[in-house]
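A.B. asks: can't give you the sequence, but here's the structure:
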């Protein structure tokens, strides 16, 4: 089955600096890679996603890059702000037997923005 | 549109009991996936339902089951509860499937504590 590795597990950056979170996946059939942000006590919220037919996608301060050959994708947050502090999860779509599918998640990165 | 809703939000049960959790997807969404979130294991896929059919299941014991109704609402059931079942149970809905690169939207979760 699919396996998603996410690094680092904790990332502390100064406010205004950039943050980069990296994920690798194992199943070359995966074709959808969302990133979720989860604040303490709240549900995961989709912040950006990328599909296998593009290499990069940007939305204001957030960007995601995908390298299908190397099977890795990364989240980039620029000009970090205190409200960016949260746990970030990467995920990759998986195709299970019987035509079903789901998402395999990385273990999460706790991003801490230092004032 | 209203978001994904889950009931109840909190539950306390004792070992050996059973529990039923409910999820109402976003209107028009036909796919409902269930995930278990724990500090140690992160977010793990339980199963996915589409048009009242369980298409497949993650690596969980048979004590975990579910169903989906004709209005796409879904329930999951855990029988013979164990202490290790204490977790946040999240459901997510999408219009068709993740394999089709459809975004999944999460509900607020049900926090289950087994004593």
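C.D. replies: Done, it's in. Worth saying up front: this structure is predicted, and the values here are computed from it rather than measured. Numbering: from 1, shown residues only, chains lettered A, B, ... in the order given.
A.B. asks: Roughly how far does residue B:91 sit from chain A?
C.D. replies: Counting by C-beta to the nearest C-beta, to the nearest Å, the gap from residue B:91 to chain A is 10 Å. Just so you know, the C-beta spots here come from the backbone N, C-alpha and C atoms, and that holds for glycine as well.
A.B. asks: How about the secondary structure of that residue?
C.D. replies: Using DSSP: H, G, I helix; E, B strand; the rest coil as the criterion, the local structure at residue B:91 reads strand.
A.B. asks: next one: residue A:53
C.D. replies: At residue A:53, secondary structure determined by three-state DSSP is coil.
A.B. asks: For it, which residues are in contact?
C.D. replies: Taking C-beta atoms under 8 Å, 6 or more residues apart in numbering or on different chains as the definition of contact, residue A:53 has no neighbours.
A.B. asks: measure it to residue A:94 for me?
C.D. replies: Taking C-beta to C-beta, to the nearest Å as the criterion, residue A:53 is separated from residue A:94 by 18 Å.
A.B. asks: does the residue most central in space within chain B sit in a helix or strand, and which one?
C.D. replies: The central residue of chain B, meaning the one whose C-alpha is nearest the mean C-alpha position (C-alpha atoms, centre = their mean), is residue B:34 at 3.0 Å. For residue B:34, the element it lies in under DSSP states H and E is strand B:31-38.
A.B. asks: Same check on residue A:66?
C.D. replies: Assigned by DSSP H and E, residue A:66 falls within strand A:62-67.
A.B. asks: Next SSE downstream of that strand?
C.D. replies: The first helix or strand that comes after strand A:62-67 along the chain, using DSSP H and E, is strand A:72-77.
A.B. asks: Give me the helices and strands touching that following strand, please.
C.D. replies: Contacts defined by 3 or more C-beta pairs under 8 Å, 6 or more residues apart in numbering or on different chains; DSSP states H and E place strand A:72-77 against strand A:19-25, strand A:62-67, strand A:86-95.
A.B. asks: Chain B is nearest to which of those?
C.D. replies: strand A:86-95 (4.5 Å; C-beta to the nearest C-beta).
A.B. asks: who's in contact with whichever helix or strand comes after that closest one?
C.D. replies: The C-terminal neighbour of strand A:86-95 among helices and strands, as given by DSSP H and E, is strand A:101-105. Outside strand A:101-105, the residues that touch it by C-beta under 8 Å, 6+ apart are A:1-4, A:25, A:34, A:36, A:89-96, B:33, B:35, B:42-45, B:48, B:55-56, B:58, B:97-99, B:104.
A.B. asks: Just the buried ones from those?
C.D. replies: Buried residues within these, defined by neighbour count using 16 or more other C-beta atoms under 10 Å in any protein chain shown: A:2, A:4, A:25, A:34, A:36, A:89-96, B:33, B:35, B:42-45, B:48, B:55-56, B:58, B:97-99, B:104.
A.B. asks: Would you mind measuring the gap between the ends of stretch B:48-66?
C.D. replies: As for stretch B:48-66, its first-to-last residue distance stands at 9 Å under the measure C-alpha to C-alpha, to the nearest Å.
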